[in-house]
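Student: here are the coordinates; sequence isn't available:
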């Protein structure tokens, strides 16, 4: 099991158990192993896209991952078409910084140039 998904599960349980954080909402986590393959991630995205809201449950998916820029660049336009979010904890491609082409892409790390500029600043 992926340690990151374990940490996410714990965080979701904490959020769901605290009525002050997101009252009247329940978060759910579904983990899919894309095996770092574009075809696998597209298959998983179709499953997410095809899931529908019901009267009792609002379905608003945000895909967490993939950590690789290559897969994020491949899947983000598909999810954008349905206004579904994509959040990556490691994709650093500057391509994904274009908010016109990737309006629903979010990341928890800076793009590659931020790291490069910091490294250069340290060396000067």
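Tutor: Sure thing, it's come through. Because the structure is a prediction, the values reported are computed rather than measured.
Student: Could you pull out the helices in the protein for me?
Tutor: Here the chain has its helices, by DSSP state H, at 3-17, 38-50, 69-81, 112-123.
Student: so of the ones you listed, which one's packed in deepest?
Tutor: Among those, helix 69-81 has the highest mean neighbour count (mean count of other Cβ atoms under 10 Å), at a mean of 18. Just so you know, the C-beta spots here come from the backbone N, C-alpha and C atoms, and that holds for glycine as well.
Student: can you give me the angle that helix makes with helix 38-50?
Tutor: 30 degrees (axes from the mean of the first three to the mean of the last three Cα atoms, to 10 degrees).
Student: who touches helix 69-81?
Tutor: 34, 36, 38, 41-42, 45, 49, 63, 66, 85-86, 88, 91-93, 95-96, 101-105 (Cβ atoms under 8 Å, 6 or more residues apart in numbering).
Student: do that again at 6 Å, thanks
Tutor: Contacts to helix 69-81, defined as Cβ atoms under 6 Å, 6 or more residues apart in numbering, come from residues 38, 41, 45, 66, 86, 88, 91, 93, 95-96, 102, 104-105.
Student: Tell me which of these has the lowest pLDDT.
Tutor: Minimum pLDDT for the contacts of helix 69-81 is recorded at residue 66 (84).
Student: and that one, backbone torsions?
Tutor: Main-chain torsions, residue 66, degrees, to the nearest 10: phi -80, psi 160.
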